[in-house]
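*Asks:* Provided below for reference: sequence and predicted model.
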Amino acid sequence: MTHELSDAEKLTFKNATARRREAGIRLGRISFMATTEQVQSFNELWDSWVERWGKNKAVDILLSAMSGIEARVRDQEP
């Protein structure tokens, strides 16, 4: 099933692209392998974070949390 974008949707994406270019922001994609249950759990949590903080802030918080966990794990290693 494909979804044809409306003219309004196309304009929204075009404007977002222009704003990112003006701000010097380049987007990338992250992917990882996980079980179906893990993906479902991640998506439920991620959706709540995006709703609460927006996508950019949610990514910042995720990276900050991962960095903190990595530091604690390294501190425990011999």
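*Replies:* Here it is on my side, so go on. Numbering: from 1, shown residues only.

*Asks:* so where do the helices sit in the protein?
*Replies:* Counting by DSSP state H, the chain has helices at residues 7-23, 36-53, 55-76.

*Asks:* how about those helices, which one is nearest Arg29?
*Replies:* Nearest of the helices of the chain to Arg29, taken as Cβ to Cβ: helix 55-76 at 12.0 Å. All C-beta atoms are positioned from the backbone trio N, CA, C, and that covers glycine.

*Asks:* Any stretches of this protein with poor pLDDT?
*Replies:* Along the chain, the model assigns pLDDT under 70 to residues 1-2.

*Asks:* could I get the helices of the chain as JSON lines with distance to Arg29 and mean neighbour count?
*Replies:* Shown next, in JSON lines, are those (distance: least, Cβ to Cβ, whole Å; neighbours: other Cβ atoms under 10 Å):
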{"stretch": "helix 7-23", "distance to Arg29": "14", "mean neighbour count": "10"}
{"stretch": "helix 36-53", "distance to Arg29": "14", "mean neighbour count": "11"}
{"stretch": "helix 55-76", "distance to Arg29": "12", "mean neighbour count": "11"}
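
*Asks:* what would these look like in CSV with distance to Ile30?
*Replies:* Formatted as CSV, these follow (distance: least, Cβ to Cβ, whole Å):
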stretch, distance to Ile30
helix 7-23, 17
helix 36-53, 12
helix 55-76, 9
